[in-house]
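In: Output the structure for:
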Amino acid sequence: MSVNLRNFTRSVYVFDAVVRRVAPQDWDNQSPCEGWSARDVLRHHCGVLTAMTATLNSGETVPPESVDAAPDPVALWNSTRDAALEALDQTGILEREGKFWFGPMTVDEWIRIVQWDPMTHAWDIGKATGVEAHIPDDLAANSHELIEPMRETLSKWGLVADEVQTADDAPASERFLGLTGRDPS
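Out: Numbers count the residues shown, from 1 in each chain. The predicted structure is shown next:
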């Protein structure tokens, strides 16, 4: 297992830990993402991983789209998570090269970039539902380092909000959240 796969998997399980603790009646609470409930954030993130899974299984780049509905968010998440991790378990998959969402690269490089998405949306759902998202500082620092130079592009694509300033000595998780436009305070 590569370091990138290990980190991506850990990030997926940060999201998983939040999803599992959301009370059923809280899924329609407003998230920090304007116009999106916690359920909408889950639908979006499941759409990202579903597109990733389809890309990994077909070899053709599939753009992410939110899943149409999530009447049972936990069941949707469980099947989406399992399919994505199974697709990443294929022999030789990490070395496969392609033109993925961020340009030509290997799958291993691609999942390093995408690892920030589950952590960010774990925080969004947690904020909406009162569930604390425990974002490991080492994963946050890794994602911060990677996406900071891409921030302008991510912002142009609407993938991050305006940066929220954080203290230089703030924990890596707070600096990461600020970089993605989340107010960690």
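
In: quick one, what contacts residue 33?
Out: By CB atoms under 8 Å, 6 or more residues apart in numbering, the residues touching residue 33 are 40-41, 124. To be clear about C-beta, it is placed using only N, CA and C from the backbone, and glycine gets the same treatment.

In: In helices only, show me those.
Out: If you go by DSSP state H, the contacts of residue 33 have 40-41, 124 in helices.

In: Make JSON lines out of these and add distance to residue 31.
Out: Formatted as JSON lines, the ones in helices among the contacts of residue 33 follow (distance: CB to CB, whole Å):
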{"residue": "40", "distance to residue 31": "7"}
{"residue": "41", "distance to residue 31": "5"}
{"residue": "124", "distance to residue 31": "5"}
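
In: quick one: the strands in this protein?
Out: Ranges of strands in the chain, per DSSP state E, are 97-100, 103-106.

In: Pairing partners for the first one, with directions?
Out: Note on strand 97-100: by DSSP bridges, its sheet partners are strand 103-106 (antiparallel).

In: List phi and psi for residue 163.
Out: Backbone torsions for residue 163, taken as degrees, to the nearest 10, come to phi -60, psi 140.

In: Count the residues that sit near it.
Out: Residue 163 has 14 neighbouring residues, counting by other CB atoms under 10 Å.

In: thinking again about what came up before, can you redo the ones in helices among the contacts of residue 33 as CSV with distance to residue 90, pLDDT and neighbour count?
Out: Below are the ones in helices among the contacts of residue 33 laid out as CSV (distance: CB to CB, whole Å; pLDDT from 0 to 100; neighbours: other CB atoms under 10 Å):
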residue, distance to residue 90, pLDDT, neighbour count
40, 31, 97, 21
41, 28, 96, 27
124, 30, 96, 26
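
In: any idea how far residue 169 lies from residue 147?
Out: Distance of residue 169 to residue 147, computed by CB to CB, to the nearest Å: 21 Å.

In: the bottom helix or strand of the protein by mean pLDDT?
Out: helix 151-156 (a mean of 75; mean pLDDT, DSSP states H and E).

In: Just name the closest of the ones in helices among the contacts of residue 33 to residue 18, please.
Out: Ranked by distance to residue 18 (CB to CB), these are led by residue 124 at 9.1 Å.

In: show me the contacts for the closest one.
Out: By CB under 8 Å, 6+ apart, the contact set of residue 124 is 31-33, 36, 38, 41, 182.

In: Distance to residue 103 added to those, as CSV?
Out: As requested, these are arranged in CSV below (distance: CB to CB, whole Å):
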residue, distance to residue 103
31, 29
32, 29
33, 26
36, 27
38, 32
41, 26
182, 26
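
In: The closest residue to residue 49 other than its chain neighbours: neighbouring residues, count only.
Out: Distances taken as CB to CB, 6 or more residues apart in numbering place residue 84 nearest to residue 49, at 4.3 Å, with adjacent residues excluded. Residue 84 has 25 neighbours, counted by other CB under 10 Å.
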